[in-house]
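Q: I would like the atomic coordinates for the input below:
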Amino acid sequence: MTDLTSDFRRTTPPPRGRGHTVPATGTKSQDAPVLDTATRARTAPTPRQAAYARPGEGGPARRDAPNDFGWHLQRALEIGPYGETMAVTDGSTPIDPAVASVWRVNLTVSRLLSLATPPAVPADELAAGGEARQRVFSLVLILDRAAGAVPIFNSVRWPSGLRPEWPQTASVDVVVLMYVPAIGWLGFESGLGMSLYPL
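A: Residues are numbered from 1 along each chain as shown. Okay, here's the model as predicted:
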């Protein structure tokens, strides 16, 4: 062992202050700091849902107040071109809005089309103002039908209670369905007997 090494081992660190003692940087939704600067003991924050940010409050991105920017409903959203997944069925399986919003239904015979009921909004997912949230679901059905094949819908409300009069010939028809809580499925004709416009 050299004299230099022994000198290093005999040295003691110089006195230092306690260091930085600012409060924890947790949001207002936390009830306890993650690290207590006095005792150096770690404490877990009390589980708690952050307060919902209200539109128009706070500074840029409402960073000066608790918010749920990571997952909460965004307003005035603008997006560019996008594509939607289209599910395909022959009508033998339920048409589920949780699978896709656009469905192509290939009908070779008349068939009862089953519509799955969308899931309800969890009770703890409140709207920005604290009230219960309501959620609707929409479906676009592209019906590729053979001659005489008729889709049958149960529990769907049509305008004036009149179901679409499907063409008897083979055709491509488009209907739009909307699920409204406490009301059920609403049906709208978008286009029956879709065909090319003659030039």
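Q: quick one: contacts for Y179?
A: Residues in contact with Y179 (Cβ atoms under 8 Å, 6 or more residues apart in numbering) are P97, L115, T117, P118, V136, F137, S138, L139, W185, L186. Using the backbone N, CA and C atoms, a C-beta is placed for each residue, glycine as well.
Q: among these, which ones are in strands?
A: In this view, the contacts of Y179 that belong to strands under DSSP state E are F137, S138, L139, W185, L186.
Q: leaving out sequence neighbours, find the closest residue to the third one.
A: Counting by Cβ to Cβ, 6 or more residues apart in numbering, L139 lies nearest to L177, which is 4.3 Å off, once chain neighbours are set aside.
Q: what do you get for L192?
A: D173 (4.7 Å).
Q: tell me the helix or strand right after the worst-scoring helix or strand of the chain on mean pLDDT.
A: Lowest by mean pLDDT, DSSP states H and E among the helices and strands of the chain is helix 3-10, with a mean of 68. Downstream of helix 3-10, the first helix or strand assigned by DSSP states H and E is strand 86-89.
Q: what's that next one in contact with?
A: Contacts of strand 86-89 (Cβ under 8 Å, 6+ apart): I95, V99, A100, V102, W103, R104, V105, N106, I142.
Q: which of these are buried? Put it as a ChimeraX command.
A: A single ChimeraX command selects the buried members of the contacts of strand 86-89 (16 or more other Cβ atoms under 10 Å):
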select :95,100,103,104,105,142
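Q: N154: which of the contacts of strand 86-89 is nearest?
A: I95 (12.3 Å; Cβ to Cβ).
Q: identify the residues contacting the closest one.
A: Neighbours of I95 in contact, by Cβ under 8 Å, 6+ apart: A87, T89, W103, V105, L113, S114, L115, A116, L139, L141.
Q: 10 Å instead?
A: Going by Cβ atoms under 10 Å, 6 or more residues apart in numbering, I95 touches A87, T89, W103, V105, L113, S114, L115, A116, L139, L141, F153, L177.
Q: and F137, what are its bridge partners?
A: Listed by DSSP bridges, the beta-bridge partners for F137 are Y179.
Q: let me see the domain layout of this structure.
A: Split into domains by automatic domain parsing, the chain comes to 1-79, 86-194.
Q: between those domains, which gets the lowest average pLDDT?
A: The stretch with the lowest mean pLDDT among the domains of the chain is domain 1-79, at a mean of 56.
Q: what about the nearest residue to P118 once chain neighbours are set aside, distance to A127?
A: Once flanking residues are discounted, P118 sits nearest to F137: 4.4 Å by Cβ to Cβ, 6+ apart. Distance of F137 to A127, given as Cβ to Cβ, to the nearest Å: 17 Å.
Q: these two: which is more packed in?
A: F137 (19 against 13; other Cβ atoms under 10 Å).
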